[in-house]
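Whatever this is, show me its structure:
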Amino acid sequence: MQQSYGDQSKAKLIGGIVAVLVVAGVVLLADHLKAKTVANGVGTAQVLPTGGTTSSASTAGSTNPTGTSSTTSSYKDGTYSAGSAYYVPHSQEEIKVTLTIKDGVITDSSIINSEGDRDSAAYQQEFEFGYKSQVVGKSISGLSLSRISGASDTTQGFNDALAQIANQAKA
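Alright, predicted model coming up:
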């Protein structure tokens, strides 16, 4: 028996929806695996000294922190910078993070994004507008951001730089 026009349309619609869901699932899985790879230290990272020059170094390297060692936390007071390279669908992007820490709490934060391509730049700008409230006033100990303003790759790059800074600032 032949299907009616309406049944054929429903079948095509359902098939299209299933195809979109499969593609979305593959993209999410790839993003998750990429984030896991970077979190396990397989990705590339750079430590950016506060002097502004870029040098390749291990995450144990340090910048020139200012201030003195805090007696109430396991972190030294000061201003620290680190950078991270991360991959987006069309290119590699970079983020430089500068944090000021007092008594183990982040008192100020700034970032510089590479904004290598137009699509990434839009996400990076949205991240820049939304991240500070999740960082300033928070303890650096164990801090890790979730996706900010839909910018999952930028957030991952920020978290990598944040981990580098936490290592640099340890007393």
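
Ser74 contacts Lys170, correct?
Yes. Under the criterion of Cβ atoms under 8 Å, Ser74 is in contact with Lys170, at a separation of 6.2 Å. Yep, even glycine has a C-beta here, placed from its N, CA and C like the rest.

Pull out the buried residues from stretch 139-150.
Of the residues in stretch 139-150, 140, 143, 145, 148-149 count as buried by neighbour count, 16 or more other Cβ atoms under 10 Å.

neighbouring contacts of that stretch?
Outside of stretch 139-150, the residues within contact range by Cβ atoms under 8 Å, 6 or more residues apart in numbering are 73-75, 99, 101, 104-106, 123, 126-127, 129-131, 134-135, 154-155, 158-159, 162, 165-166, 169.

Span of that stretch from start to end?
24 Å (Cα to Cα, to the nearest Å).

which SS class is Thr100?
The three-state assignment at Thr100 reads strand, by DSSP: H, G, I helix; E, B strand; the rest coil.

What pLDDT is listed against Thr107?
In this model, Thr107 is scored at 97, pLDDT.

from what I can see it touches Val136, true?
Yes. Thr107 lies in contact with Val136 (Cβ under 8 Å); the separation is 6.8 Å.

where in the protein is pLDDT low?
By pLDDT under 70, the weakly predicted segments of the chain are 1-3, 5, 23-72.

Of the contacts of stretch 139-150, grab the buried ones for PyMOL.
Remark: buried members of those, expressed as a PyMOL selection using 16+ other Cβ under 10 Å:
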select buried, resi 73+75+99+101+104+105+106+123+127+130+131+135+154+155+158+159+162+165+166+169
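
Narrow the contacts of stretch 139-150 to those in helices?
Counting by DSSP state H, the part of the contacts of stretch 139-150 found in helices is 123, 126-127, 129-130, 154-155, 158-159, 162, 165-166, 169.
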